[in-house]
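**Student:** starting from these lines, generate the structure:
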Amino acid sequence: MEKTLVIMKPDAVQRGIVGEIISRFEKVGLKIVGTKMLQPSYDQYFHHYENIGKLISRRGQKTFDVTLTMMKQGPVIAFVLEGVEAAGLVRKMVGATEPKSALPGTIRGDYSHMSYGHADANELGIPNIVHASGDAQEAELEIAHWFSENELFSYDAVHTKFTQPTK
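**Tutor:** Below you'll find the model as predicted:
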């Protein structure tokens, strides 16, 4: 089974919609194998957004600084989901990074609405509810950064018989 990282950003935590969003992942059959609430340090965010995600390299220092300012506005809830092609499924459920472009029915489409233009004009971070690993390879790096091995759990979920090959 594949694992992927999801981070509920400060805007989701502060709005009290974390449970609703987690239930959406559980309803499609993804299994939570690790979770924690934390207030990450600058260094932890730097490693996540630049060393792994290359945000400064791709979008510039200003975008990184604005993003970090937004992320430091409160605690986050990080969790690891496991399931068949979990990274791709979660990305599909989360929707486009820009909330304005996210389709209705996606998490960002249902819970956020800001455009890049508005955010850039006002030097704001995009309150887009959630971070989700871009793909399985990125997920491995991100999970190793946010969780130790002893914080991840293995157990059988009720629906496991539907995702495992029959013998």
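**Student:** what segments of this protein are helices?
**Tutor:** Ranges of helices within the chain are 10-15, 18-27, 42-46, 55-59, 61-71, 86-94, 107-111, 116-121, 136-146, 160-163, based on DSSP state H.
**Student:** out of the ones you listed, which is closest to residue 79?
**Tutor:** Closest approach to residue 79 among the helices of the chain (CB to CB): helix 18-27, 7.3 Å. Every C-beta, even on glycine, is put in place using the N, C-alpha and C of the backbone.
**Student:** mind listing what's buried in the closest one?
**Tutor:** Residues of helix 18-27 classed as buried: 18, 21, 22, 25 (neighbour count, 16 or more other CB atoms under 10 Å).
**Student:** what does stretch 5-19 give?
**Tutor:** Of the residues in stretch 5-19, those buried by neighbour count under the rule 16+ other CB under 10 Å are 5, 6, 7, 8, 9, 10, 11, 12, 13, 17, 18.
**Student:** likewise stretch 51-58?
**Tutor:** Result for stretch 51-58 [16+ other CB under 10 Å]: buried residues 52, 53, 55, 56.
**Student:** with stretch 113-124 instead?
**Tutor:** Of the residues in stretch 113-124, 114, 119 count as buried by neighbour count, 16+ other CB under 10 Å.
**Student:** let me know the average pLDDT across it.
**Tutor:** If you average the pLDDT over stretch 113-124, you get 86.
**Student:** export that stretch as PDB, just CAs?
**Tutor:** As requested, C-alpha coordinates have been extracted for stretch 113-124 and formatted as PDB (Å, rounded to 0.1, in the frame of the first residue of the first chain):
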ATOM      1  CA  HIS A 113     -12.000  30.500  -2.900                       C
ATOM      2  CA  MET A 114      -9.000  32.900  -3.000                       C
ATOM      3  CA  SER A 115      -7.200  33.600  -6.300                       C
ATOM      4  CA  TYR A 116      -3.400  34.000  -6.900                       C
ATOM      5  CA  GLY A 117      -4.100  37.500  -8.200                       C
ATOM      6  CA  HIS A 118      -5.800  38.600  -5.000                       C
ATOM      7  CA  ALA A 119      -3.100  37.000  -2.900                       C
ATOM      8  CA  ASP A 120      -0.300  38.500  -4.900                       C
ATOM      9  CA  ALA A 121      -1.800  41.900  -5.000                       C
ATOM     10  CA  ASN A 122      -2.200  41.900  -1.200                       C
ATOM     11  CA  GLU A 123       1.000  40.000  -0.400                       C
ATOM     12  CA  LEU A 124      -1.000  37.200   1.200                       C
END
